[in-house]
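**Student:** what shape does this take:
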Amino acid sequence: MVAGQKKVVASAPVVAVGTAGSVKLEVKDLAIAYGHQTILSGVTLSVREHEIFGIIGPANAGKTSFIKALNRMDMFTSSMRVDGKILFNGRDIHSLRNVYALRSRIGVVFPLPVGLPLSVYDNVALAPRLAGIKSKEELNVIVERCLTRAALWDEVKDRLDSLGSLLSGGQQQRLTIARALSQDPELLMLDEFSIAVDPVTTMRIEDVLKELKQEVTIILVTNLVQQARRLADRTAFFLEGRCVEVGVTEDLFTGEVQDTRTRDYVEGRFG
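**Tutor:** The predicted structure is shown next:
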């Protein structure tokens, strides 16, 4: 908090009312803890179909833990405890028996691209193969479609048999996006996708995301507030383990905020 600033306590975020699509994801009173340390508490928000939903906030605000909870990644961390409701397409994700089927509907792209030790082609074809698709012709269509959607096809179409790990950092990040899209997700979550790529590639990926929101719902976690302003339809501000505010993105940048901390953050006065 900025020195001398009066602390504003928000027990729950103020959620802007809009006319976008139906609710795709709904979070109710979500709390996340690692052992005895609470990372997030009291988070209530919704994400609408075919919108880019931004999440901003300083480091250690709980943003990454939030998206991990949405994809049931708490299963991989024994100390991680998730309480509250997470509804995806109206169903509580903790009531679903097939977690792997859930993850096929919710794709995740993390900050640093992690290329599988496979060819470019096989990186993208892996998930469809695991889903039972054997036809080479069908796989070819999926690989080309996903690489095209990730704005990578023209750069790699003549070296599909090369190792994905030999691509540049920006190309590997787009390959990661293509791999996530190969599962045909309904929700795509990106956590600081631009942290390891150059500004030109960042803008290319941003253009990809603007196009993709016509097909999928996107959650974009970013420390770059101007990136959220460029891309997100609505944005949530996380601070000190709370969701302080949710609103139409442009409103948060033009002074229409319910909490002074939101204004201070987007204007660069802390964080």
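**Student:** when you work out contacts or count neighbours from here on, use the C-alpha atoms and nothing else.
**Tutor:** OK.
**Student:** now do the strands in the stretch 51-200 of the chain.
**Tutor:** 52-56, 80-88, 91-92, 106-109, 187-191 (DSSP state E, counting those that start in this stretch).
**Student:** tell me which of those strands lies nearest to Thr202.
**Tutor:** Nearest to Thr202, of all the strands of the stretch 51-200 of the chain, is strand 187-191, at 12.6 Å by CA to CA.
**Student:** what bridges to the residue positioned nearest the centre of the chain?
**Tutor:** For the chain, the residue nearest the mean C-alpha position is Met189 (2.3 Å; CA atoms, centre = their mean). Using DSSP bridges, the bridge partners assigned to Met189 are Val108, Ile219.
**Student:** which residues does it contact?
**Tutor:** Residues counted as contacts of Met189 (CA atoms under 8 Å, 6 or more residues apart in numbering) are Ile67, Ile106, Gly107, Val108, Val109, Ile218, Ile219, Leu220, Val221.
**Student:** then Asn89?
**Tutor:** By CA under 8 Å, 6+ apart, Asn89 lies in contact with Val23, Lys24, Leu25.
**Student:** rank the helices and strands of this protein by mean pLDDT and give me the bottom one.
**Tutor:** Across the helices and strands of the chain, mean confidence by mean pLDDT, DSSP states H and E is lowest for helix 99-105: a mean of 85.
**Student:** per-residue pLDDT of Asp158, please?
**Tutor:** Predicted confidence (pLDDT) for Asp158: 96.
**Student:** what's the burial count for it?
**Tutor:** Residues near Asp158, counting by other CA atoms under 10 Å, number 9.
**Student:** what's the separation between the residue nearest to the centre of the chain and Pro111?
**Tutor:** Going from Met189 to Pro111 by CA to CA, to the nearest Å gives 11 Å.
**Student:** ok, Phe76 next?
**Tutor:** For Phe76, the distance to Pro111 - CA to CA - is 18 Å.
**Student:** more neighbours: these two, which one.
**Tutor:** Per other CA under 10 Å, whichever of Phe76 and Pro111 has more neighbours is Pro111, with 16 against 9.
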